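Student: Starting from these lines, generate the structure:
(one chain, ligands or ions: 1)
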Amino acid sequence: MVIPYGRQSIDDEDIKEVIRTLNSDFITQGPRVEEFEKKLAEYCNAKYAVAFNSGTAALYCAYRVLNLKKGSSFITTPITFVATVSAGILNNLKPTFVDIEPDTGNIDVDLIEKSREEKTTVIVPVHYAGHPVDMGKIWDLAQRYNLYVIEDACHALGSKYKGYKTGSCKFSHITVFSFHPVKHITTGEGGAALTNDKELYEKLLICRNHGIKRGEEWFYNVEYPSFNFRITDFQCALGISQLQKIENFIKKRREIAEFYRQELSNHPLFELPPEKSYAFHSYHLFPLKVRDTKRKREIFKRLKEKGIGVQVHYIPVYFHSWFKKKGFKEGLCPKAEEFYKREISIPIYPALKKNELEYVVKILKEIL
Ligand SMILES: Cc1ncc(COP(=O)(O)O)c(C=O)c1O
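Tutor: You can find the predicted model right below:
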């Protein structure tokens, strides 16, 4: 038995929807893309959504459409998937890493102001594991210093901050999601960028399609070189079908988290993730923290041997060789580094069966 840390939940309805679209006139650049975008924007309470062929593509275009000066810098967290940072770097921006809150693993919003420089133009918080960042504070800073905010919400579809849905862009200019199979809903590969700003929306559409702005008849104009970041109609058909089940997916994830809390809250080896008073957590991940850092490796190995597909989220981004070559050094964000030494993500996804869940808990208890 191998129980992965995350996986998709696809049923016959999803498959039927995909087949229906495969049998239709358009399998790409057809009506289902727009339908998915409308439904996603509606779900998140945002005005506009643009679907992409990955979360990374959506992030790339989010940075691109802000049209920031070369050499500008962005503030983000080292505890994220590298795409948050690469997408900025590929837009000629420089990353500034700000340390995290040790409990949620999110960027410590109280450290952002001190790290801001003249060249800082955008803040990119990541809602780690599905627990929203304290966005009110970030938005205040953004207003005060005239900064943009891009939310990397690739972990956080279905979460809420002070009752506002993530994706509503109440506290940001653009919010980005990923629909990779381990995420809350899937399109295979896929992503989206949401905004309430019509101009940014139109720019996102252009960035998705080679920098092309369409004109009358056969005319079109390339405003700048970009890529083909388009998603297909059959992927969006899957997305539409998945989105109908999102409330149930989130409910299941929260039930699993609750079960882990009941079973593991007194476990001497592990600290459990919090859910702060302002947060409605959508539990993309369930990140445990090993109290004794010296035991992490052995525990990780033991769990793997027992068929539990644990993962580590994340190696701090600046530990990777490219960043080292650019001069980022260990010690830059001590709390993030400590977090990395302790973190192990255990399985959480709607299709996880009761007996599998009980097995995970049994093994975690035996590890004592
Ligand atoms: C925080 C974060 N940002 C960005 C991405 C990139 O999304 P995608 O894999 O859809 O390109 C991921 C994907 O795992 C992620 O976890």
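
Student: switch to C-alpha atoms for all contacts and neighbour counts from now on
Tutor: OK.

Student: who in the stretch 101-250 of the chain is up against the ligand?
Tutor: Within the stretch 101-250 of the chain, the positions adjacent to the ligand are Asp152, Cys154, His155, Ser178, Phe179, His180, Glu189, Gly190, Gly191 by Cα under 6 Å from any ligand atom.

Student: Skipping adjacent residues, who's closest to the second one in space?
Tutor: Okay, so that is Cys154. In this structure, Cys154 finds its nearest non-sequential neighbour in Phe177, 4.1 Å apart by Cα to Cα, 6 or more residues apart in numbering.

Student: Repeat that for the first one.
Tutor: Counting by Cα to Cα, 6+ apart, Asp152 lies nearest to Val126, which is 4.7 Å off, once chain neighbours are set aside.

Student: For the one you found, grab phi and psi.
Tutor: Note on Val126: its backbone torsions stand at phi -120, psi 130 [degrees, to the nearest 10].

Student: Over to Lys162?
Tutor: The phi/psi pair for Lys162 (degrees, to the nearest 10) reads phi 50, psi 40.

Student: Just say helix, strand or coil for the residue nearest to the spatial centre of the chain.
Tutor: Residue closest to the mean C-alpha point of the chain, counted by Cα atoms, centre = their mean, is Cys154 at 1.6 Å. Classification of Cys154 by DSSP: H, G, I helix; E, B strand; the rest coil places it in coil.

Student: Ile344 too?
Tutor: Here Ile344 is recorded as strand under three-state DSSP.

Student: quick one: it from His267, how far?
Tutor: Distance from Ile344 to His267, counting by Cα to Cα, to the nearest Å: 15 Å.

Student: count of neighbours near the residue nearest to Asp152?
Tutor: By other Cα atoms under 10 Å, the residues close to Val126 number 29.

Student: Was I right to think it contacts Glu151?
Tutor: Yes. Taking Cα atoms under 8 Å as the definition, Val126 is a contact partner of Glu151 at 6.2 Å.

Student: residues in contact with Tyr260?
Tutor: Taking Cα atoms under 8 Å, 6 or more residues apart in numbering, we find Tyr260 in contact with Val361.

Student: The closest residue to the ligand within the stretch 101-250 of the chain and Ile100, how far apart?
Tutor: Here the stretch 101-250 of the chain gets closest to the ligand at one residue, Ser178, 4.1 Å apart by Cα to the nearest ligand atom. According to Cα to Cα, Ser178 and Ile100 sit 22 Å apart.

Student: These two: which has the busier surroundings?
Tutor: A count of neighbours by other Cα under 10 Å puts Ser178 above the other of Ser178 and Ile100, at 32 against 24.

Student: sec struct for the residue of the chain most remote from its centre, please.
Tutor: Seen from the C-alpha centroid of the chain, the residue lying at the greatest distance (Cα atoms, centre = their mean) is Glu217, 38.7 Å away. Following three-state DSSP, Glu217 is assigned to coil.

Student: remind me, longest helix of this protein?
Tutor: The longest helix of the chain (DSSP state H) is helix 246-264.

Student: sorry, back to before: what's the most distant pair in the residues of the stretch 101-250 of the chain next to the ligand?
Tutor: Pairwise distances across those peak at 16.4 Å for Asp152 and Glu189 (criterion: Cα to Cα).
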